[in-house]
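Chemist: Turn this into a model:
(one chain, ligands or ions: 1)
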Amino acid sequence: MPRPSRLRDQDKPDRLQLLRILWRSLPELWQSSPLLVSLLGLTALLGGVIPAVTLLISKWAVDGVGEVASGGQANLALLALAWAGAALLGQLAGIARAVLQGYAADNFTVQTSRRLMDKMNDLTGLEVLEDPRFHDDIQILQMGAPRRPLNLTSTIFGVFGTLVSLLSVGGVLLTIGWWVPLVVIAGMIPLTLTQMRLYELGWSMTIQNTQASRELNYFQKAALNQQFAKEIRLYGLMPYLTREYTERTLDYQRTMRGVRNKQLLGVLPAQVLALAVTAGVFAYAVWQAQLGLLTAGAVVLVIGALAQVRGDLWSLSDSLGVGSEHLHWFGKYYEFLDAVPQVAAPAQPQPLPQRFDLTLDKVTFGYQGHAPVIEDLSLRIPEGQTVAIVGENGAGKSTLIKLLLRFYDPSAGRILLGGVGEETDLRDLSPDEWRSQVAAVFQDYARFEWTVRENVLLGVPEDPERLRYAADASGLSAMLPRLENGLNTRIGQAYGGVDLSGGQWQKLVTARALYRRARVLILDEPTAALDPRSEAEVFAAFAELARGRTALLVTHRLGSVRMADRIVVMRAGRVTEDGTHEELVARGGEYAELWALQAAQYGSGGAA
Ligand SMILES: Nc1ncnc2c1ncn2[C@@H]1O[C@H](COP(=O)(O)OP(=O)(O)OP(=O)(O)O)[C@@H](O)[C@H]1O
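Modeler: A predicted model of the protein is given here:
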């Protein structure tokens, strides 16, 4: 993903760029349903020529009436039938187009959304998701994904049909004078351009206001969200939220109202010009008829054609204006699809090494725009070892875990996987393959509003024996009888499900990690919300599961780290102590101090 500053630069693509976007979207639309799109093109073509055909028939009919009145001959009945046939065909083409358009747009929508999701999957790192401006782009893409493909499809075929109609009616007007269609169209061009410019203005306002609208919506969301209800009531936050929401909304509406008014008033002069031109041509046709140079049928043709051209050009300017908004959205969409992530999967990934020793070699890392939080850190974790990582808040423990999972790449140094002589840089492995070998419970784990079972399996096929083992070992089994439908209990009030307590959730996500057949197990603060008995149970399960595999445990509960083979103490992004519990206590450093403190709290006197 490019840095968001690049995204900003492209917020207002010029017309040429819009054409390029259109050029790229056409084959995509075609690929989504070739047959439907071809038929759609045919119906638009048919619908486009019908107005010209109807006008010609009208001309012949009026002239025919004149002929008959002056004693001549004309097959008026046939002409009437032809007129009705053409009108019916036009109606049928319109209905067929609407139906086909619905089907084609459905396919195009699914294809577009799938590509968005696939791309999100390709963004293997987390760095992009942490930039506030990235949220704006995602919000625009997310909001537009269900409707922009349909809008663009209908605009493309609308514009195509209108162009066909303009060309054919313009061709009919040629019979009055070669300059007539040229003058009519030239008179309408300012209207078309003004309309398009104003739509573009509308789009750039949408972009500029996304951050503002996101923020104001956040105030409303906070006010109505159950998650914040306790603090809002306790601290009397509601008046503040209401005030902020109202002021920001009024501000936002003022800005948007300005744009809307400008849009409406801005088209007025161009509309007057267009009207003047058509009125001029109309007057010319009447004058020519008075001179006997045009037949009555030709005057009817001119009147009808002018109305048609006016209607067509109006709808063309409207479609091009709205269409440019859809194309802007597609511009963002392609920008997202083309984004090159900082954490990228290698083109030719190395196979996973035999041994899973982990080596951090002089690793330095800082979050985007921030000072390093891991500095020149070297650490070797042989396969099979259970390592507890402890240290004060903000020491960099969770960051270290995120680096090991390759959610970020170090800015300096390397992280290697493999035994001596076969070490491979994590950057040379397929992130998916590497992560499939790791089970992890994060501090801020995902709470999916699915069933308990789905929350444990997370898309992995069910193995009943393993599921039972994971549920038993994590303590999940013990809480199931209290849930209405056991493993099939739906979680989340939004879908009529139940709410789980923090501790219950923690057991569930521990089961999630235990269910995976992973060679590396990572638990980041797995027991923070657990009662002492559950904590002891989870650690017993962890110790059991950790046997024979690499296990990393980040925790502040020192009582539970004694069972680790080794304890690593971190401070300000560096490893300051490294050894067994006994060694570190004997050493009398930070660990010994923390241990004594916690032991004193539990009243055991701090003895090792
Ligand atoms: N996504 C982020 N963007 C910017 N800074 C971050 C981000 N995540 C963490 N930090 C910062 O990095 C530093 C290390 O954070 P980290 O979460 O690794 O610490 P920790 O040792 O796990 O702390 P704790 O014990 O409180 O969980 C902190 O100063 C934190 O503010």
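Chemist: Near the ligand, which residues of the stretch 101-250 of the chain are found?
Modeler: Within reach of the ligand by Cβ under 6 Å from any ligand atom, the stretch 101-250 of the chain has these residues: Glu130. C-beta: built from backbone N, CA, C; applies to glycine.
Chemist: For the residue of the stretch 1-150 of the chain found nearest the ligand, give its distance to Gln368.
Modeler: Proximity to the ligand, evaluated over the stretch 1-150 of the chain using Cβ to the nearest ligand atom, is greatest for Glu130 at 4.8 Å. Per Cβ to Cβ, to the nearest Å, Glu130 is found 7 Å from Gln368.
Chemist: The residue of the stretch 1-150 of the chain closest to the ligand: what's it in contact with?
Modeler: Tyr367, Gln368 (Cβ atoms under 8 Å, 6 or more residues apart in numbering).
Chemist: Okay, it and Tyr367: tell me how far apart.
Modeler: Distance from Glu130 to Tyr367, by Cβ to Cβ: 7 Å.
Chemist: same thing with Pro239?
Modeler: In this view, Pro239 and Tyr367 are 35 Å apart by Cβ to Cβ.
Chemist: Ok, Asp251 next?
Modeler: Asp251 sits 32 Å away from Tyr367, going by Cβ to Cβ.
Chemist: What of Thr295?
Modeler: In terms of Cβ to Cβ, Thr295 sits 79 Å off from Tyr367.
Chemist: swap in Phe448?
Modeler: 26 Å.
Chemist: can you list the residues of the stretch 251-400 of the chain near the ligand?
Modeler: Close to the ligand, as judged by Cβ under 6 Å from any ligand atom, the stretch 251-400 of the chain has residues Tyr367, His370, Val373, Gly391, Asn393, Gly394, Ala395, Gly396, Lys397, Ser398, Thr399.
Chemist: tell me the contacts of the fourth one?
Modeler: By Cβ under 8 Å, 6+ apart, the residues touching Gly391 are Lys397, Val569, Met570, Arg571, Thr576, Glu590.
Chemist: what about the strands in the stretch 501-608 of the chain?
Modeler: 520-524, 550-554, 566-571, 574-579 (DSSP state E, counting those that start in this stretch).
Chemist: What strand or helix carries Thr359?
Modeler: For Thr359, the element it lies in under DSSP states H and E is strand 358-366.
Chemist: That strand versus strand 550-554: what angle between them?
Modeler: Per axes from the mean of the first three to the mean of the last three Cα atoms, to 10 degrees, the angle that strand 358-366 makes with strand 550-554 is 40 degrees.
Chemist: Quick check: pLDDT value at whichever residue of the stretch 401-550 of the chain sits closest to the ligand.
Modeler: Nearest residue of the stretch 401-550 of the chain to the ligand: Gln443, at 6.1 Å (Cβ to the nearest ligand atom). Looking at Gln443, its pLDDT is 81.
Chemist: Quick check: phi and psi at it.
Modeler: With angles defined as degrees, to the nearest 10, Gln443 sits at phi -60, psi -50.
Chemist: ok, Thr153 to Leu55 distance?
Modeler: Per Cβ to Cβ, Thr153 is found 28 Å from Leu55.
Chemist: and those two? which has more neighbours close in?
Modeler: For Thr153 versus Leu55, neighbours defined as other Cβ atoms under 10 Å are more numerous around Thr153 (27 against 23).
Chemist: Surely the more buried one is in contact with Asn107?
Modeler: No: Thr153 is beyond contact range of Asn107, at 9.5 Å (criterion: Cβ atoms under 8 Å).
Chemist: Pick the most buried one from the strands of the stretch 501-608 of the chain.
Modeler: For the strands of the stretch 501-608 of the chain, the largest average neighbour count (mean count of other Cβ atoms under 10 Å) is found in strand 550-554, namely a mean of 25.
Chemist: near the ligand, anything from that strand?
Modeler: No: taking Cβ under 6 Å from any ligand atom as the criterion, strand 550-554 and the ligand are apart, separated by no less than 6.5 Å.
Chemist: and that strand, C-alpha only, in CSV?
Modeler: Provided in CSV are the C-alpha atoms of strand 550-554 (Å, rounded to 0.1, in the frame of the first residue of the first chain):
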residue,chain,number,x,y,z
THR,A,550,8.3,-23.5,20.9
ALA,A,551,6.2,-21.5,23.2
LEU,A,552,6.4,-17.8,23.9
LEU,A,553,4.4,-16.4,26.8
VAL,A,554,4.1,-12.7,27.4
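Chemist: which stretches of the stretch 1-150 of the chain form helices?
Modeler: Taking DSSP state H, counting those that start in this stretch to define them, one finds helices in the stretch 1-150 of the chain at 4-9, 15-32, 34-69, 76-122, 132-144, 148-173.
Chemist: got the ones you listed as JSON lines, with mean pLDDT and distance to Leu417 columns?
Modeler: Putting these into JSON lines (pLDDT from 0 to 100; distance: least, Cβ to Cβ, whole Å) gives the following:
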{"stretch": "helix 4-9", "mean pLDDT": "36", "distance to Leu417": "32"}
{"stretch": "helix 15-32", "mean pLDDT": "93", "distance to Leu417": "39"}
{"stretch": "helix 34-69", "mean pLDDT": "93", "distance to Leu417": "45"}
{"stretch": "helix 76-122", "mean pLDDT": "93", "distance to Leu417": "22"}
{"stretch": "helix 132-144", "mean pLDDT": "79", "distance to Leu417": "29"}
{"stretch": "helix 148-173", "mean pLDDT": "93", "distance to Leu417": "42"}
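Chemist: so which of those helices comes closest to Gln211?
Modeler: Closest to Gln211 of these, according to Cβ to Cβ: helix 132-144, at 5.7 Å.
Chemist: What ranges in this structure fall below the confidence cut-off?
Modeler: Scanning the chain for pLDDT under 70 picks out 1-13, 131-135, 206-209, 526-530, 541, 544, 602-608.
Chemist: which one in it is furthest away from the centre?
Modeler: The centre of the chain is farthest from one residue, Gly71, which by Cα atoms, centre = their mean lies 71.4 Å away.
Chemist: Need phi/psi at that one.
Modeler: Per degrees, to the nearest 10, the backbone of Gly71 is at phi 90, psi 0.
Chemist: For Pro190, grab the count of nearby residues.
Modeler: Neighbour count of Pro190, defined by other Cβ under 10 Å: 17.
Chemist: for Thr451, same thing?
Modeler: 20.
Chemist: cool, Ser436 as well?
Modeler: Other residues near Ser436 come to 14 when the count uses other Cβ under 10 Å.
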